[in-house]
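Colleague: I'll drop the sequence and a predicted model, then ask my questions.
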Amino acid sequence: MSETALLSRADPQFLADVLEGLRGPRRAIPARWFYDERGSTLFDEITRLPEYYPTRNETALLKNCKDALAEQIASGGAVIEFGAGSATKTPLLLEAIDPEFYVPVDISGDYLRNSATVLQSRFPDLNIIPVEADFTQTMVLPDNIAYTNILGFFPGSTIGNFVPRSGVDLLRHMRATLGEGAKLLIGFDRIKSADVLVPAYDDAAGVTAAFNLNLLHRINRELGGDIPVDAFLHQIVWNDLEARVEMHLRCNRDIRFSVAGVDFSFDEGDSIHTENSHKYDLRSLRLLLRSGCWTPVAEYSDPEDWFTLVLAEAAPIQTAP
């Protein structure tokens, strides 16, 4: 396929984000572009690694608080999951509150549809409506669920991938999408020792490294790039000032390459910042939610305080007294 034909099929926002990210003085590419089909599969593998505690802890929390959630959330409504459904966590929520509709929203269409098919086989009577969309923006829900009791579901501490400003914007978009009176069940990874955090993002089997490097393979495949992937190494940094784990692709030699016909050069030691994973204490996560126009109504944490699930409500916005 010619480069012109290839680029005509490329996601224009992916192309714009990559070119802008590689040109800038601080090279960075938004983490949402990790999730092509291969990236989504690798992330599923990551969630099962022994070093990666968030999925285990959040799953245990959901099991322990199912009855409490059932008391807080009316059955027969709709669950809108921001991100393709997890094979372990999503069924626990669906079993607890028995909704009429389940709407997974994800930018990775193939993975989204595959996940929906698997979940449909487990819940044959559930109305599942997958929506391929960028959930970081306000979106319109399918017409037949617009007036039901709505619960947003945003598990996996994915909110931590957003810097605070962007996280507030995201929460406000979610509120605008779901509407006043809706609820949101959202996961937060808590601040803890770097001795626990760093291995969770730099596992011994190298799965997270493959996940990070897959972004370069995707750029080469979809955007006509010729990046020498072997020139980059997976690197993890704990940034204590920002309370976040940072993921980088660090160049191990001087290189030149092109993407969509645009030339770039990297010196040894240059890096591409590919992901942040912010960690929160209780006060900071409550402040983030309130800044995004969500009112926390219940919190559930594991015994070690490593992970917290918050049920929040899109209450009427109050003006200052």
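Modeller: Nice, thanks for sending it over.
Colleague: Could you use CA atoms for every contact and neighbour count after this?
Modeller: Will do.
Colleague: Would you mark the buried spots in the helix or strand hosting Glu95?
Modeller: Assigned by DSSP states H and E, Glu95 belongs to helix 89-97. Using 16 or more other CA atoms under 10 Å as the test for burial, helix 89-97 gives Lys89, Thr90, Leu92, Leu93, Leu94, Ala96, Ile97.
Colleague: Where does pLDDT dip in the chain?
Modeller: Scanning the chain for pLDDT under 70 picks out the ranges 1-3, 146, 320-321.
Colleague: Can you give me every residue that contacts the spatially most central residue of it?
Modeller: By CA atoms, centre = their mean, the chain has its centre lying nearest to Thr158, at 3.9 Å. Residues near Thr158 by CA atoms under 8 Å, 6 or more residues apart in numbering: Gly187, Phe188, Ser277.
Colleague: out of those, who's nearest Pro164?
Modeller: Ser277 (11.1 Å; CA to CA).
Colleague: How about the contacts made by the closest one?
Modeller: Thr158, Gly160, Asn161, Phe162, Arg244, Val245, Glu246.
Colleague: what's downstream of the helix or strand harbouring Ile186, the next helix or strand?
Modeller: Assigned by DSSP H and E, Ile186 falls within strand 183-189. Downstream of strand 183-189, the next assigned helix or strand under DSSP H and E is helix 194-200.
Colleague: can you list contacts of that following helix?
Modeller: Looking at helix 194-200 with CA under 8 Å, 6+ apart, the contacting residues turn out to be Glu51, Tyr52, Tyr53, Ile236, Val237, Trp238, Val245.
Colleague: Next SSE downstream of the helix ranked longest in the chain?
Modeller: Looking across the chain with DSSP state H, the single longest helix is helix 207-223. Next helix or strand after helix 207-223 toward the C-terminus (DSSP H and E): strand 232-239.
Colleague: Report the distance from the helix or strand following that next one to the chain centre.
Modeller: Counting by DSSP H and E, the next helix or strand C-terminal to strand 232-239 is strand 244-251. Here strand 244-251 is found 17 Å from its chain centre; the criterion is CA atoms, centre = their mean, to the nearest Å.
Colleague: related to what we said a few turns ago, for the helix holding Glu95, enumerate the helices and strands it packs against.
Modeller: When contacts are defined as 3 or more CA pairs under 8 Å, 6 or more residues apart in numbering; DSSP states H and E, helix 89-97 packs onto helix 53-64, helix 66-72.
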